[in-house]
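> Everything below, folded, please.
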Amino acid sequence: MPRLPAPPTSGESIFAETTRRATQLGAVNLGQGFPDWEPPEVLRSALRDVLTSDVHQYGPPPGFPRLRAVIAASVKDALGFCPDPDTEVTVTVGASEALYEAAAALVERGDEAIVLEPAYDLYAEVLKRAGAHVIGVPLEASPTGWRLDSDRLRAACTPRTKLIVVNTPHNPTGAVLTREELKGLAQVALDFDLFVVSDEVYDRLTFDRPHVPVASLPGMRERTVTVGAASKTFSVTGWRVGWAIASPEVTRRLRAVHQFVTFVAPTPFQAAIAVAMEAAQESGFYRELASSLRAKRDVLSNALKAAGLSPTSAHGGYFVLADTTTVAPTATEAAERLLSEVGVAGIALSAFYLPTSGASAPNAVRFAFCKRDEVLDEAARRLDAWREHGGAR
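Predicted structure coming up:
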């Protein structure tokens, strides 16, 4: 048998492992960030209609035209301009493909790329596959949330730096970066002539402060790739429909990669999502979803606090972090204890840091609150029972 190359990663991801073990142990799975309720009826109804139509073959590789037009219209107000659906919007197989394409299109071997830690592990992986040397710049934790220090970001840049990956609203911290923080990031990008890949899949899921798209800032439209997806907003993480919004020149490069990776995203799903996004704009769906998630955040945060774990403020997204220094000496040990003893699964924050970054990950565990009320109530019950029996130190 020919010699196999070294695997690109260490194997099973922490997210898959946590879900597998939670299932085996009968734990409440607050580890993986997927909603456990049905998609909205308008989306399911649209898919039923599509399945009885003739939209089943390859569509245009850049994406279903109606969906690209809806995406452009949906971000127009936030961006301050309307992207051209034909030359600036590309539909991908989930946000993951868009991130892969951005790395492949913008990075050359030997370039440096910056990710803001803690960070979703896919960022570093796609950048390394593109040949980049990945640099971690840590966000700063505070009692009111996490913040970006632009001076620290600037200090990490070198003549070899090519791009910055930013995620707002942020996974795993729940931070929603402020306009001032993003203006600082934008100035660094302008001063060093960098691209910015901005993962904004949680853009509709903000609670206490508004989402600011990076591309809306002065000088950033031409150098930003904005990544979005229907997965989180419409509770269809298995449909794998995302998109990238970029300048015509960058879009041409993204599409050059896209045609040889997946060629086209699933056409029926694209058609259904176009209908749902049009309806959501008019019905108040986004506002109601954010309100519902805010309530879920509060339920879980209160349960964690009552159990002796100190949650940080989550301003958007699906997740809340809890300080677990009273549970175990490290986040990994704390997550294991909560899973095996309490029956509540979370992800150790250390999983979101680069092994080579040198940053010290706080002792904290990420929990997902994008779950049905009865699931969160059961997690709260288990945490309360654990507290009553000695729980945290």
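> Walk me through the domains of the chain.
For the chain, automatic domain parsing gives the domain ranges 14-39+286-388, 41-283.
> For the last one, measure first residue to last.
Length of domain 41-283, first residue to last, CA to CA, to the nearest Å: 13 Å.
> mind checking which helix or strand the nearest residue to residue 28 once chain neighbours are set aside is in?
Counting by CB to CB, 6 or more residues apart in numbering, residue 28 lies nearest to residue 379, which is 4.4 Å off, once chain neighbours are set aside. To be clear about C-beta, it is placed using only N, CA and C from the backbone, and glycine gets the same treatment. Per DSSP states H and E: residue 379 is located in helix 373-388.
> Identify the residues contacting that helix?
Contact with helix 373-388 is made by 28, 30, 36, 296, 299-300, 302-304, 306-309, 341-344, 367, 369, 371, 391, as judged by CB atoms under 8 Å, 6 or more residues apart in numbering.
> Tell me the buried residues within those.
Neighbour-count burial within those applies to 28, 30, 296, 299-300, 303-304, 307-309, 342-344, 367, 369, 371, 391; the criterion is 16 or more other CB atoms under 10 Å.
> Which ones among those residues map onto helices?
296, 299, 300, 303, 304 (DSSP state H).
> quick revisit: and the domains of the chain: which comes nearest residue 6?
domain 41-283 (12.4 Å; CB to CB).
> For the closest one, give the mean pLDDT please.
When pLDDT is averaged over domain 41-283, the result is 96.
> how far is it from where the chain is centred?
9 Å (CA atoms, centre = their mean, to the nearest Å).
> For residue 181, which residues are in contact?
Residue 181 neighbours (CB under 8 Å, 6+ apart): 147, 148, 150.
> Test my guess that the second one contacts residue 139.
This points to residue 148. Yes: judged on CB atoms under 8 Å, residue 148 makes contact with residue 139 at a distance of 5.8 Å.
> which neighbours do these two share?
residue 116.
> rewinding a little: now tabulate the contacts of residue 181 in JSON lines and tack on neighbour count.
Shown next, in JSON lines, are these (neighbours: other CB atoms under 10 Å):
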{"residue": "147", "neighbour count": "16"}
{"residue": "148", "neighbour count": "23"}
{"residue": "150", "neighbour count": "18"}
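> Okay, and which of those residues map to helices?
residue 150.
> which of the contacts of residue 181 lies closest to residue 281?
Nearest to residue 281 out of those is residue 148 (CB to CB; 30.2 Å).
> Just the buried positions in stretch 37-53, please.
39, 40, 42, 43, 46, 47, 50.
> where along the stretch 101-250 of the chain do the strands fall?
112-117, 133-138, 140-142, 145-147, 161-167, 195-199, 224-229, 242-245 (DSSP state E, counting those that start in this stretch).
> and the last one, what does it pack onto?
Same thing as strand 242-245. Where contact means 3 or more CB pairs under 8 Å, 6 or more residues apart in numbering; DSSP states H and E, strand 242-245 is packed against helix 65-79, strand 89-92, helix 94-106, strand 224-229.
> Redo these as TSV? Include mean neighbour count and distance to residue 383.
Compiled in TSV, these are given as follows (neighbours: other CB atoms under 10 Å; distance: least, CB to CB, whole Å):
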stretch	mean neighbour count	distance to residue 383
helix 65-79	19	37
strand 89-92	28	38
helix 94-106	24	31
strand 224-229	27	31
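> closest to residue 128 out of these?
helix 94-106 (8.8 Å).
> how far off strand 224-229 does that closest one point, in degrees?
Helix 94-106 runs at 160 degrees relative to strand 224-229, counting by axes from the mean of the first three to the mean of the last three CA atoms, to 10 degrees.
> ok, of the buried residues of stretch 37-53, which one's closest to residue 116?
residue 39 (30.6 Å).
> The closest one and residue 237 touch, don't they?
No: checked against CB under 8 Å, the pair residue 39 and residue 237 is beyond contact range at 10.0 Å.
> In CSV: the strands of the stretch 101-250 of the chain, plus distance to residue 320.
Shown next, in CSV, are the strands of the stretch 101-250 of the chain (distance: least, CB to CB, whole Å):
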stretch, distance to residue 320
strand 112-117, 18
strand 133-138, 19
strand 140-142, 13
strand 145-147, 11
strand 161-167, 16
strand 195-199, 19
strand 224-229, 21
strand 242-245, 24
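> for those strands, which one sits closest to residue 4?
From the strands of the stretch 101-250 of the chain, taking CB to CB, the stretch that ends up closest is strand 133-138, at 24.2 Å.
> Each with direction, which strands does that closest one pair with?
Strand pairing for strand 133-138, determined by DSSP bridges: strand 112-117 (parallel).
> about what we covered before: let me have the buried residues of stretch 37-53 in JSON lines, adding secondary structure and distance to residue 167 as columns.
Putting these into JSON lines (DSSP: H, G, I helix; E, B strand; the rest coil; distance: CB to CB, whole Å) gives the following:
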{"residue": "39", "secondary structure": "coil", "distance to residue 167": "24"}
{"residue": "40", "secondary structure": "coil", "distance to residue 167": "25"}
{"residue": "42", "secondary structure": "helix", "distance to residue 167": "28"}
{"residue": "43", "secondary structure": "helix", "distance to residue 167": "25"}
{"residue": "46", "secondary structure": "helix", "distance to residue 167": "29"}
{"residue": "47", "secondary structure": "helix", "distance to residue 167": "29"}
{"residue": "50", "secondary structure": "helix", "distance to residue 167": "31"}
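> Residue 3 and residue 277, how far apart?
From residue 3 over to residue 277 the distance is 48 Å, taken as CB to CB, to the nearest Å.
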